[in-house]
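Student: Pasting the sequence and the predicted coordinates here, then a few questions.
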Amino acid sequence: MPAPNAITPDKLARIIASASAPRIVDLRDGVAECIPGSTFPAYPNPTGWGCAAGSAVVTVDADGNGSAVAAAAILRSEGVAAEVLEGGFIAWAAGALPTVSLAHLPPRHEDGRTWWVTRARPKVDRIACPWLIRRFVDPEARFLFVAPGEVLTVATQQQAEPFDIVDEGVFWSHRGERCTFDVMVEAFRLDTHEPLVRLAAIVRGADTDRLDLVPEAAGLLAISLGLSRIHSDDHIQLEAGMAVYDALYRWCRDAQGEKHNWSSHQPTRGKVSA
């Protein structure tokens, strides 16, 4: 059993990268990799982290016995449901659980967020990539959608990271048969996380008109085009798309074996032939 006010790595691993995931606050300095969805506080005092009373937070240090313990205690005194990661990042890594490489993470702005810019009117990649970033890399990332010809100008003016645009100087773009989502999964060292590898194939098929790659690609393309027709506001479309990718990720993670048909809901003895 975990210690009081602590959460085990295995339990945390089951809820990361989901809409209901707790805020993960990594207190280590100068790290090269982290738990997916981690944030890094700009202030040492937990009361300045902006954690709302009643919200869920997990604090992380190297071994679970350092600064994370005091930080969680202070947050609990503020009414925050704060827990310490048992064993810290060392225990997480020892369990071969997914981590994110920060080598290619853009510099953070004064607001502590990474800023990204891409073409307006997103379809597949430009929704999939923000989902990946917010769920695995930077939960508070800001996304700017502008006309295609303005992406690089806005990137320079606002120090925002451009993605999914054709330009030799842009790192986050298509490479050969791989789409931008593929590139991000690999660059953030998430390509050993099997659910994301499965999801990447679906995104690739939908985004590059190769619907024969996996059966789900055609469905994702249809849903993506439908969302684009429903929503004229790119940010509202992004929020709607987040739920789509949340569902696809959970299917890739643990629902592929579940079948559904007219008789699947019936008790075994009560099933009748069609």
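Tutor: Nice, I can see it.
Student: Okay, helices next: where are they in the protein?
Tutor: Under the criterion DSSP state H, the chain contains helices at 9-13, 67-77, 88-94, 125-132, 151-158, 180-187, 194-207, 216-230, 234-254.
Student: Same list, these, but as TSV with mean neighbour count please.
Tutor: All C-beta atoms are positioned from the backbone trio N, CA, C, and that covers glycine. Converted to TSV, the helices of the chain look like this (neighbours: other C-beta atoms under 10 Å):
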stretch	mean neighbour count
helix 9-13	17
helix 67-77	18
helix 88-94	18
helix 125-132	26
helix 151-158	16
helix 180-187	22
helix 194-207	22
helix 216-230	16
helix 234-254	17
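Student: Turn those into CSV, including distance to residue 3 and mean pLDDT.
Tutor: Converted to CSV, the helices of the chain look like this (distance: least, C-beta to C-beta, whole Å; pLDDT from 0 to 100):
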stretch, distance to residue 3, mean pLDDT
helix 9-13, 13, 97
helix 67-77, 9, 97
helix 88-94, 12, 98
helix 125-132, 33, 98
helix 151-158, 44, 98
helix 180-187, 34, 98
helix 194-207, 29, 98
helix 216-230, 41, 98
helix 234-254, 28, 97
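Student: Of all those, which one comes closest to residue 24?
Tutor: With C-beta to C-beta, the closest approach to residue 24 among those belongs to helix 9-13: 7.8 Å.
Student: Mind listing residues that contact that closest one?
Tutor: Contacting residues not belonging to helix 9-13 are listed as 2, 22, 24, 35, 58, 85-87, 91-92, 95, 97-98 [C-beta atoms under 8 Å, 6 or more residues apart in numbering].
Student: Please tell me which one of those residues counts the most neighbours.
Tutor: Across these, the neighbour count under other C-beta atoms under 10 Å reaches its highest value at residue 85, namely 28 neighbours.
Student: what's the pLDDT at that one?
Tutor: According to the model's per-residue confidence, residue 85 sits at a pLDDT of 98.
Student: bridging residues for it?
Tutor: Applying DSSP bridges to residue 85 yields these beta-bridge partners: residue 7.
Student: give the contact list for the residue nearest the centre of the chain.
Tutor: In the chain, the residue lying closest to the centroid (C-alpha atoms, centre = their mean) is residue 135, at 1.7 Å. Taking C-beta under 8 Å, 6+ apart as the contact definition, residue 135 lies against 17-18, 21, 36-37, 245-246, 249.
Student: Alright, calling it a day.
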